[in-house]
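Any chance you can model this:
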Amino acid sequence: MLTTTRQLCDHLRPTTLRDLFQPLSLVQRLERMVEDKRLVNMLFHGQPGIGKTSAVRILLKELDAEVLPINGSFSTGIDTVRDDIARFCSSTSLWGRLKVVSIDECEYLSKNAQAAMRGTIEEYPWAAFILTANDVSKLDRAIKSRCLEVCFDVTVFDAPAVIERVLPGYHQKLTTLGCCVPFERLRQIMYLKFPDLRAVAMMLELEAGLKPT
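Below you'll find the model as predicted:
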């Protein structure tokens, strides 16, 4: 039985590509990458809480990739690029797996680090880079030009189809976790707070009487 909002948010986090709060067309593009065992350098951007980081984690797990994870809001300096990333990328995988550098909130990398990244991406073509950013305007234009940009912001037109696709799965998760939220009430919350999963969890906290954390 859940007792805190944080636990609820963790359990509601997408675990498959089909769980993502994204149009089916984008989900299918990612699924094809998994089927083909192929990645290109990509930049996932969009508002916070929309599932960018979850999408990266699911994608890399499905591909069984060898990953160097970096949080751009913590490791902001050029040494991260020169030392950690270059060391990771300088050799191919011993197990024949895809090598992927995953940088979350990459817009917080310093200007010098972003400048160094441009050359690093080109120097190691056997490694793929997947970046996420909330504010893509803060990211060096040259880095953006080296990545396939994927916008995670969902249009008003696409939102209803996305909600109706993920709604049954999320209701099943809540039922399994012992959170008795009626299906129609969950639908109301989804439409009100979509696509921010954190905001959905906060409202469900009120419905289920969980403690905020």
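
low-scoring stretches of this structure, by residue?
1-7, 75-77, 208-213 (pLDDT under 70).

now the top helix by length along it, how far from the chain's geometric center?
Looking across the chain with DSSP state H, the single longest helix is helix 159-176. On the basis of CA atoms, centre = their mean, to the nearest Å, helix 159-176 sits 18 Å off its chain's mean C-alpha point.

Then stretch 25-32?
On CA atoms, centre = their mean, the centre of stretch 25-32 falls 14 Å from that of its chain.

which residues are in contact with the longest helix of the chain?
11-12, 18-24, 154, 180-181, 183, 186-187, 190-191, 194-195, 204 (CB atoms under 8 Å, 6 or more residues apart in numbering). Where C-beta positions appear, they are placed from N, C-alpha and C, glycine not excepted.

what do you get if the cut-off is 10 Å, keeping everything else the same?
Helix 159-176 is contacted by residues 2, 8, 11-16, 18-24, 26-27, 154-155, 179-187, 189-191, 194-195, 197, 200, 204, 207-208 when judged by CB atoms under 10 Å, 6 or more residues apart in numbering.

Just the buried positions in it, please.
Neighbour-count burial for helix 159-176 flags Ala159, Val162, Ile163, Arg165, Val166, Tyr170, His171, Lys173, Leu174 (criterion: 16 or more other CB atoms under 10 Å).

would you put the C-alpha positions of it in CSV?
Extracted in CSV, the C-alpha atoms of helix 159-176 (Å, rounded to 0.1, in the frame of the first residue of the first chain):
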residue,chain,number,x,y,z
ALA,A,159,-3.8,15.4,-26.3
PRO,A,160,-7.2,13.6,-26.3
ALA,A,161,-6.0,10.6,-28.3
VAL,A,162,-2.9,10.3,-26.0
ILE,A,163,-5.0,10.5,-22.8
GLU,A,164,-7.5,7.9,-24.0
ARG,A,165,-4.6,5.5,-25.0
VAL,A,166,-2.8,5.7,-21.7
LEU,A,167,-5.8,6.0,-19.4
PRO,A,168,-6.7,2.3,-19.0
GLY,A,169,-3.1,1.4,-18.1
TYR,A,170,-2.8,4.1,-15.5
HIS,A,171,-6.1,3.1,-13.9
GLN,A,172,-4.9,-0.5,-13.7
LYS,A,173,-1.7,0.6,-12.0
LEU,A,174,-3.6,2.6,-9.5
THR,A,175,-6.0,-0.3,-8.8
THR,A,176,-3.0,-2.7,-8.3
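
Which SSE is immediately downstream of it?
Next helix or strand after helix 159-176 toward the C-terminus (DSSP states H and E): helix 183-193.

Does anything pack onto that next one? Which helices or strands?
Here helix 183-193 touches helix 159-176, helix 197-208, going by 3 or more CB pairs under 10 Å, 6 or more residues apart in numbering; DSSP states H and E.

now those helices as JSON lines including distance to Asp36?
What follows is the helices and strands packed on helix 183-193, written out as JSON lines (distance: least, CB to CB, whole Å):
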{"stretch": "helix 159-176", "distance to Asp36": "23"}
{"stretch": "helix 197-208", "distance to Asp36": "28"}
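
closest to Arg57 out of these?
helix 197-208 (13.7 Å; CB to CB).
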